[in-house]
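Chemist: Here's my sequence, what's the structure:
(one chain, ligands or ions: 1)
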Amino acid sequence: MTQHEDIFKKIVSHCKEYGFIYASSEIYDGLSAVYDYGPYGVELKNNIKSYWWKAMVQLNENIVGLDSAIFMHPKIWKASGHVDAFNDPLVDNKDSKKRYRADTLIEDAIAKIEAKAEKEIQKAKARFGESFDEDLYRTTNPRVVEYLSKAREINERMNSSLTNSNMEELKQIIIDLEIADPDSGSRNWTEVRQFNLMFNTQLGNISGEEGKLYLRPETAQGIFVNFLNVQKTTRQKIPFGIAQIGKAFRNEIVARQFIFRMREFEQMEMQFFVKPGTELDWYEYWKEKRKKWHLALGTPESKINFHNHENLAHYANAAVDIQYEFPFGFKELEGIHSRTNFDLKSHQELSGKKMQYFDAEDNDSYIPYVVETSIGCDRMFLAVLSEAYCEEFVPDAEGGEAQRIVLKLHPALAPIKCAVLPLLKNKPELVEKAKQIMSELTSTFYCVYDDKDAIGRRYRRQDALGTPYCITIDFESLENNSVTIRDRDTLAQERVNIKDIEGIIQNKVSWKNLL
Ligand code: GAP
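Modeler: Here you go, the predicted structure:
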């Protein structure tokens, strides 16, 4: 197991042990790729949503919010292209009966070939030392050149098969590369076929296709079909945006890596409606603005990447992923898409209702173009946790060192803002004072009271939950109304007057520090 895989495993078990995330339906052995958020998980998730909502809606006069229903008229998914084209290519292994995404199998095979090239390069690096010219070696060493060009060639073949929906060619690549089932080693594959990712259900009072309802695979369509309602009722002028946070559902074939790819998840999406011809400028604007939102949390710039899409979706004229370096590598965290006027135009055609905007300045009517920002709330949760999780040694009470696990979450995102801890639980005067402080703080921010175990263990528990501040009520508190505030990251303890606690902590956990 690599160090990164090890950290990832630890994060997953930390989530369960400390009440952040549980597997859904656990007593029935769980439901694959579905998860429940526990008491501290729901607080952190709500704070992530607040950060997004404040930054996107409340700080922008020209962006308004929406909460559309999960169920929508089935024609919406016809117009959006999801009924016909929201597919993944799947292949079954006839012996193991396991189902895989054909493109994922091929991508894994490409990664193996690239790893061989990488191994050669590392060997040469060790052999030649300082004088080694890696770029030159990559382009001249025959074995490395062969591996890398083979990987490129397969990648191009796969991309072109995906773009042209050529399932026979995908199967042929699997055969040519002699790809075996990673589980059983069998090469006995079925044909590759398209698998629609939308879940569906049936309306109670209408039978057959007419009554078929889909669980939305993205929240965006709820925004498109309400575009004119919102524009008219809020009297927004183009350019303006509509934002919403809500559940989305996808019947993912390969659901793995914990909450990275789920079947039920939450999206935070914003559609920005602009004048045709200006969309690529706005696309650049939103790319930068969204990157800044991520960096404001303290994430190092080296862990955030832009990755341009090679295969543009049918509706897009530009698209980029904002990738984060998860413990399992750089992966998509958010998508920024220039969606042209595809969605509004399709809805206009299928519904027969005009989706046009009258631009009073230009005395012109047009269907706006759209730039979308779309981020998975759960994926952001995983990125935030991955960045925050830290194992380190700190001084202990006996003058030695103790290991602690600490979540170095931004204080504004932390589930619990402060813990109120009487030094000893068998001293009623300390307990009474601590409870008094607790009752004064709880209406301002989420605090917890804890008097179990020795103080050191209680600090460790709050560190593991990411609580940025611990207030300790000791004997001096009884004499002069002062307490200590312990800082999670620096471990510094500051003595302050009880009447100042609320203001001090409020200042430290304020959204203003982020926005
Ligand atoms: N409206 C555009 C759209 O839905 P997408 O790239 O398919 O675009 C946007 O999804 C974001 O939603 C992704 O960047 C990711 O953060 C999140 N997401 C997509 N599928 C997901 C899944 N199965 N589980 C968790 N998050 C997912």
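
Chemist: How about the contacts made by Asp281?
Modeler: Shown in contact with Asp281 (C-beta atoms under 8 Å, 6 or more residues apart in numbering): no residues. (Each C-beta comes from the backbone N, C-alpha and C, glycine too.)

Chemist: sec struct for Ala319, please.
Modeler: Put simply, Ala319 is strand when judged by DSSP: H, G, I helix; E, B strand; the rest coil.

Chemist: bridging residues for it?
Modeler: His337 (DSSP bridges).

Chemist: can you pull the contacts of it?
Modeler: Going by C-beta under 8 Å, 6+ apart, the list of residues near Ala319 reads Asn308, His309, Leu312, Ala313, Gly335, Ile336, His337, Ser338.

Chemist: do the same with Lys425
Modeler: Contacts of Lys425 (C-beta under 8 Å, 6+ apart): Val431, Asp451, Lys452.

Chemist: repeat that with 10 Å
Modeler: Val431, Ala434, Asp450, Asp451, Lys452, Asp453 (C-beta atoms under 10 Å, 6 or more residues apart in numbering).

Chemist: all helices for the stretch 201-350 of the chain, in order.
Modeler: Remark: helices assigned in the stretch 201-350 of the chain by DSSP state H, counting those that start in this stretch are 220-225, 227-234, 279-295, 342-351.

Chemist: What lies in contact with the last one?
Modeler: Okay, so that is helix 342-351. By C-beta under 10 Å, 6+ apart, helix 342-351 touches 73, 75-76, 78-81, 220-221, 223-225, 227-228, 271, 273, 313-317, 341, 353-357, 366-370, 372.

Chemist: Kindly export it (C-alpha atoms) in CSV.
Modeler: In CSV, the C-alpha atoms belonging to helix 342-351 read as follows (Å, rounded to 0.1, in the frame of the first residue of the first chain):
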residue,chain,number,x,y,z
PHE,A,342,-28.1,24.5,-26.2
ASP,A,343,-30.3,23.8,-23.2
LEU,A,344,-32.6,26.9,-23.5
LYS,A,345,-32.9,26.4,-27.2
SER,A,346,-33.8,22.7,-26.8
HIS,A,347,-36.4,23.5,-24.2
GLN,A,348,-37.9,26.2,-26.5
GLU,A,349,-38.1,23.7,-29.3
LEU,A,350,-39.7,20.9,-27.3
SER,A,351,-42.0,22.9,-25.1
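
Chemist: That one: which residues count as buried?
Modeler: Phe342, Asp343, Leu344, Ser346, His347, Gln348 (16 or more other C-beta atoms under 10 Å).

Chemist: for the third one, same thing?
Modeler: Judged by neighbour count (16+ other C-beta under 10 Å), helix 279-295 contains these buried residues: Glu279, Trp282, Tyr283, Tyr285, Trp286, Lys287, Arg290, Lys291, Trp293, His294.

Chemist: wouldn't the fifth one be in contact with Arg339 here?
Modeler: Yep, that's Trp286 we're talking about. No - the criterion here is C-beta atoms under 10 Å, and Trp286 misses it with Arg339 at 11.9 Å.

Chemist: Residues that sit against both of these two, list them.
Modeler: Phe272, Val371, Glu372.

Chemist: I'd like to know how far the last one sits from the ligand.
Modeler: Yep, that's Glu372 we're talking about. Computed as C-beta to the nearest ligand atom, to the nearest Å, the Glu372 to the ligand distance reads 6 Å.

Chemist: Verify the stated contact: that residue with Gln244.
Modeler: No - here Glu372 does not reach Gln244: they are 11.6 Å apart, not a contact under C-beta under 10 Å.

Chemist: and the strand or helix carrying Ala111, anywhere near the ligand?
Modeler: If you go by DSSP states H and E, Ala111 is part of helix 102-128. No - for helix 102-128, no contact with the ligand is found by C-beta under 6 Å from any ligand atom; the gap never falls below 13.3 Å.

Chemist: buried ones in the helix or strand that comes right after that helix?
Modeler: Counting by DSSP H and E, the next helix or strand C-terminal to helix 102-128 is helix 134-140. By neighbour count on 16+ other C-beta under 10 Å, the buried set for helix 134-140 is Tyr137, Arg138.

Chemist: for helix 134-140, what is the average pLDDT?
Modeler: Averaged across helix 134-140, the pLDDT comes to 91.

Chemist: name the helices or strands packed onto that helix?
Modeler: Other elements packing on helix 134-140 under the criterion 3 or more C-beta pairs under 10 Å, 6 or more residues apart in numbering; DSSP states H and E are helix 102-128, helix 142-163.

Chemist: can you list contacts of that helix?
Modeler: With C-beta under 10 Å, 6+ apart as the criterion, helix 134-140 contacts Ala117, Glu118, Glu120, Ile121, Gln122, Ala124, Lys125, Phe128, Asp133, Val144, Val145, Leu148.

Chemist: Check stretch 31-39 too.
Modeler: So stretch 31-39 is contacted by 15-16, 18-26, 41-46, 250-252, 254-266, 378, 381, 415-416, 448, 465 (C-beta under 10 Å, 6+ apart).

Chemist: Let's see which of these end up in strands.
Modeler: Ile21, Tyr22, Ala23, Glu264, Phe265, Glu266, Val448 (DSSP state E).

Chemist: most surrounded residue in the residues you listed?
Modeler: Ile21 (26 neighbours; other C-beta atoms under 10 Å).

Chemist: Which residues of the stretch 351-500 of the chain lie near the ligand?
Modeler: So far as C-beta under 6 Å from any ligand atom goes, the stretch 351-500 of the chain lies against the ligand at Glu372, Ser374, Ile375, Gly376, Asp378, Arg379.

Chemist: If we ignore the residues flanking it in sequence, what's nearest the third one?
Modeler: Spelled out, that is Ile375. Glu334 (3.9 Å; C-beta to C-beta, 6 or more residues apart in numbering).

Chemist: what does the fifth one give?
Modeler: The shortest distance from Asp378 to any non-neighbouring residue, by C-beta to C-beta, 6+ apart, is to Ile259 (4.4 Å).

Chemist: Tell me how many other residues crowd the one you found.
Modeler: 23.

Chemist: So for it, what's the pLDDT?
Modeler: In this prediction Ile259 is given a pLDDT of 97.

Chemist: which residue does the chain bring closest to the ligand?
Modeler: Gly376 (2.7 Å; C-beta to the nearest ligand atom).

Chemist: which residues touch that residue?
Modeler: So Gly376 contacts 248, 259-262, 265-269, 332-335, 382-383 (C-beta under 10 Å, 6+ apart).

Chemist: and if you look at Ile121?
Modeler: Ile121 touches Phe132, Glu134, Tyr137, Arg138, Asn141, Val144, Tyr147, Leu148, counting by C-beta under 10 Å, 6+ apart.

Chemist: Quickly note the distance from it to Glu284.
Modeler: To Glu284, Ile121 is 35 Å away according to C-beta to C-beta, to the nearest Å.

Chemist: likewise Glu332?
Modeler: Taking C-beta to C-beta, one finds Glu332 at 19 Å from Glu284.
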